[in-house]
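*Asks:* just a sequence and a predicted model for now, questions to come.
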Protein chains: 2
Amino acid sequence: MKNSQHLLGLIERIGNLLRLEERELGKADGLQPVHVQVLEYLSLCNRFSNTPLSLSRYLGISKGTVSQSVIVLENKGLIKKVQDNNDRRIVHLVLSETGKNVVKNAFANERWSNTCERLPAQQRERMAEDLAQLLLELTRQHSMQSFGVCRTCKYFTYENSNYSCALLQIPLKASETAKLCHEHCFFDSKTGSDESLSVP
Amino acid sequence: MKNSQHLLGLIERIGNLLRLEERELGKADGLQPVHVQVLEYLSLCNRFSNTPLSLSRYLGISKGTVSQSVIVLENKGLIKKVQDNNDRRIVHLVLSETGKNVVKNAFANERWSNTCERLPAQQRERMAEDLAQLLLELTRQHSMQSFGVCRTCKYFTYENSNYSCALLQIPLKASETAKLCHEHCFFDSKTGSDESLSVP
DNA sequence: GTATACTGTATTGACTCGATACTAAAAGTG
DNA sequence: CACTTTTAGTATCGAGTCAATACAGTATAC
């Protein structure tokens, strides 16, 4: 038990420092930490997960709040709203060229990359795996979507050199298979059943 | 590089979920996530680190902001301010009984402990070590204090069954050696020199 | 003793955030 | 088909965080 408190404190503190970095990074463009996170997410998500709703689920904030952040980013010309062709309720958020540059700079965060470089590659790898599993369990506890990389999903299929999603029954571009999907569902028996994740 | 982005995303997301939990936990008492973090910190720090300034450094927010949070918590009767006897500029923040109970409930967070329990003890241990090292490097990059547990500090000494701090030249109670100290300095040669940490 | 550094407070304005109520589109139901 | 229900997103509001600035009181250096 004491162990888990310690772990909580560590992650919380690292998270706080990261938010501090985001604040500094966004300062030049007049952006708040949340805005930086939104841009980062949009650079990683696919055509199904680049909506305000997915964003709110991913960031753990209400959709009303997301709506406001989106307006700010749109006014600054960093993102654009594109209405969905099939479902006209849905809006897709896409990064503009300016937006892409801002994300690029944010990811090129010196402090963070310096920090990572000072840790052995093997350790980084291990941490990423451990944390990914922790996150998966945590999202299960919250009954939330897991937002994994498409390629690692149990519905991801590869046949005749064509990628496709078995859940949505649609073909995928090669570049999309490395993006975050909001319907993601790990193919991993050792972590237990997947009944908590929404599957039609 | 891509590796470090992935790691960043993981920690950020876990941090977001934790803040979401804090929001829920604090809701019953009308507390904001920050307030919960303040209470958590105060339950872990020693008599040198329970000041507004240490708090602001630990949480990565300005001391003005801390001052306001402190007022809120004081009005709610969760903490009390105690002036230092030697240095009358300094204020010590101590948890009231009510405050201690709130922290206890916060730490007893079901979702988090469930999550931790589902991971092997060995993995938790490993993660804690890895993350501690990451945090240490990160604080170095930020030229910040490391806020470690007193007992693990290079200035911590144990002689004739008495604990003491070699930096401040004062005796320590046994219970204090398990608390967070703001002058903390790891005794760890493999992670490089300690010149970035402030030592008189 | 005076200048300087340090700890904490007060105030202000920009902004986040959740809550609520709302519109519009889709999907389900008879 | 009309109808209800569900879903995606928006608008508005008030509470509250947060940094910035200016400030008061105390300690330390010289």
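*Replies:* Here it is on my side, so go on.

*Asks:* please name the nearest non-neighbouring residue to A:L53.
*Replies:* A:K63 (6.0 Å; Cβ to Cβ, 6 or more residues apart in numbering or on different chains). Every C-beta, even on glycine, is put in place using the N, C-alpha and C of the backbone.

*Asks:* so for that neighbour, what's the pLDDT?
*Replies:* For A:K63, the model assigns a pLDDT of 90.

*Asks:* that one and A:S56 touch, don't they?
*Replies:* Yes - here A:K63 lies in contact with A:S56, judged by Cβ atoms under 8 Å, at a distance of 4.3 Å.

*Asks:* with neighbour numbers in mind, choose between these two.
*Replies:* With neighbours defined as other Cβ atoms under 10 Å in any protein chain shown, A:K63 and A:S56 compare such that A:S56 has more, 17 against 14.

*Asks:* quickly find the element holding the residue nearest the centre of chain A.
*Replies:* Within chain A, one residue has its C-alpha closest to the average C-alpha position: by Cα atoms, centre = their mean, that is A:Y41, at 4.7 Å. Per DSSP states H and E, A:Y41 falls inside helix A:33-42.

*Asks:* check which element follows that helix along the chain.
*Replies:* Beyond helix A:33-42 on the C-terminal side, the first helix or strand identified by DSSP H and E is helix A:52-59.

*Asks:* what's the angle from that next one to helix A:33-42?
*Replies:* Angle between the axes of helix A:52-59 and helix A:33-42 is 110 degrees (criterion: axes from the mean of the first three to the mean of the last three Cα atoms, to 10 degrees).

*Asks:* what's whichever helix or strand comes after helix A:52-59 packed up against?
*Replies:* Scanning forward in sequence from helix A:52-59, with DSSP H and E defining helices and strands, the next element found is helix A:63-75. Taking 3 or more Cβ pairs under 8 Å, 6 or more residues apart in numbering or on different chains; DSSP states H and E as the contact definition, the neighbouring helices and strands of helix A:63-75 are helix A:33-42, helix A:52-59, strand A:79-83.

*Asks:* what are the buried residues along helix A:63-75?
*Replies:* A:V66, A:S69, A:V70, A:V72, A:L73 (16 or more other Cβ atoms under 10 Å in any protein chain shown).

*Asks:* next, the angle from that helix to helix A:52-59.
*Replies:* Orientation of helix A:63-75 against helix A:52-59 (the same axes, to 10 degrees) gives an angle of 110 degrees.

*Asks:* just the CA trace of helix A:63-75, in PDB.
*Replies:* Once non-C-alpha atoms are left out, helix A:63-75 reads as follows in PDB (Å, rounded to 0.1, in the frame of the first residue of the first chain):
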ATOM      1  CA  LYS A  63     -16.500  18.500 -23.700                       C
ATOM      2  CA  GLY A  64     -17.600  22.000 -23.000                       C
ATOM      3  CA  THR A  65     -14.100  22.900 -21.900                       C
ATOM      4  CA  VAL A  66     -12.700  21.200 -25.000                       C
ATOM      5  CA  SER A  67     -15.000  23.300 -27.100                       C
ATOM      6  CA  GLN A  68     -13.600  26.500 -25.700                       C
ATOM      7  CA  SER A  69     -10.000  25.400 -26.200                       C
ATOM      8  CA  VAL A  70     -10.800  24.500 -29.700                       C
ATOM      9  CA  ILE A  71     -12.200  28.000 -30.400                       C
ATOM     10  CA  VAL A  72      -9.000  29.500 -29.000                       C
ATOM     11  CA  LEU A  73      -6.800  27.300 -31.200                       C
ATOM     12  CA  GLU A  74      -8.900  28.000 -34.200                       C
ATOM     13  CA  ASN A  75      -8.800  31.700 -33.700                       C
END
